[in-house]
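Engineer: Sequence and computational prediction follow.
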Amino acid sequence: MNFAEELKTLKKQVQSKEYLNVDPSSFDKIIISGMGGSGIVGNIFSEIYDKKPVTVVSDYHIPSFADNRTLFIAVSYSGNTEETISALELAKKSGCRVAAITSGGQIANSVDNKVLIPGGLQPRSALGYMLMPLVNTFLKPSHQEIDKTAAMIDAIDEDNRDMESLAREIWDGKFIPVILGFSPFRWVAYRWKTQFNENSKILAFSNYFPELNHNETMPYRGTYRKDEFKFIVVGHPENIKIEERIKWTSSLTSTPFQRVDVRGKYTLDTLFGLIHKGDYLTYHLARFLNVDPTDVSLIEELKKKLNH
């Protein structure tokens, strides 16, 4: 399966009905552990779920508050991510209730309560398979929400010429993307950043409103080599104060913001729509740059050195 075909599996992924077998009364906090394309799952979920505290761990360790009232969820597409395995073992020792979302590997063999998802994709292309079990377990979306989300993804699969055009603009100008988001899509902006990194093999940066107005705004007016950056605002904020911040930040710093918007009916279809726009943008840029979006050989080489 080539990368373009992988992108088109997202519609099927969001229609997944998988969920974790957990009793909400048995825990009062959640830790989600994962790295890279798997780790972003916990970050995105933590921004759209607020009924219980969610802590995301992207390291070998877990917080000291982990105990028998903690639900620990290991998210690893391969099931062999060493940082996540380390965190999982510490969670077991701390008495946490453990669960996993994975396609196999060591984690599948060491956790009874798990969702096994299809393998064979790039981890970053399996976002829906990894995120939907969390959404189904804790948010319980309606059939209408799922249908709208699938339709949103389908529409982007059918016509993503706007992202192809933006990719060509970035390629022509050799721009470095700066992706700006806001709640509840701060981590969508970061997802775009990492997709530029892995798919397009270029540096990119991300930040979010209103936090960036308390620090990063200062260099927007006159940083050196400013004309080498492409500032992209992802989404349309419901909070009018955020929209005002976007407008005035652009105006006061004389910085044009490219807007990429998706107007869904729900948080879920908007979320996946924005994510999928970034998938196609970075895929098209990879095409223009003549790089293989599936190539992660340098990352794999690093893993081999660490395990030597």
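Structural biologist: Yep, it's here. Numbers count the residues shown, from 1 in each chain.
Engineer: What segments of the stretch 1-150 of the chain are helices?
Structural biologist: Here the stretch 1-150 of the chain has its helices, by DSSP state H, counting those that start in this stretch, at 3-7, 10-14, 36-48, 82-93, 105-110, 127-134, 143-158.
Engineer: Would you tell me which of the ones you listed gets closest to Lys303?
Structural biologist: Lys303 lies closest to helix 82-93 among the helices of the stretch 1-150 of the chain, at 8.0 Å (Cβ to Cβ). The C-beta positions use only the backbone N, C-alpha and C, and glycine is treated the same way.
Engineer: what packs against the longest helix that the chain contains?
Structural biologist: When the chain is parsed with DSSP state H, its longest helix is helix 267-289. Where contact means 3 or more Cβ pairs under 8 Å, 6 or more residues apart in numbering; DSSP states H and E, helix 267-289 is packed against helix 3-7, helix 10-14, helix 36-48, helix 143-158, helix 161-173, helix 186-195, strand 229-234, strand 258-260.
Engineer: switch the cut-off to 6 Å
Structural biologist: Judged by 3 or more Cβ pairs under 6 Å, 6 or more residues apart in numbering; DSSP states H and E, helix 267-289 is in contact with helix 143-158, helix 161-173, helix 186-195.
Engineer: Tell me which helix or strand comes right after it.
Structural biologist: Remark: after helix 267-289, the chain's next helix or strand is helix 297-306, criterion DSSP states H and E.
Engineer: Next, the angle helix 82-93 makes with that following helix.
Structural biologist: Interaxial angle, helix 297-306 versus helix 82-93 (axes from the mean of the first three to the mean of the last three Cα atoms, to 10 degrees): 60 degrees.
Engineer: what angle separates helix 297-306 from helix 36-48?
Structural biologist: Using the same axes, to 10 degrees: helix 297-306 against helix 36-48 is 100 degrees.
Engineer: and the closest residue to Asn239 other than its chain neighbours, what are its phi and psi?
Structural biologist: Closest residue in space to Asn239, ignoring its immediate chain neighbours: Phe182 at 7.6 Å, by Cβ to Cβ, 6 or more residues apart in numbering. Backbone torsions for Phe182, taken as degrees, to the nearest 10, come to phi -170, psi 160.
Engineer: With Leu180 instead?
Structural biologist: With angles defined as degrees, to the nearest 10, Leu180 sits at phi -120, psi 130.
Engineer: count of residues packed around the residue lying closest to it once chain neighbours are set aside?
Structural biologist: Closest residue to Leu180 apart from its sequence neighbours, by Cβ to Cβ, 6+ apart: Val233 at 4.8 Å. Val233 has 22 neighbouring residues, counting by other Cβ atoms under 10 Å.
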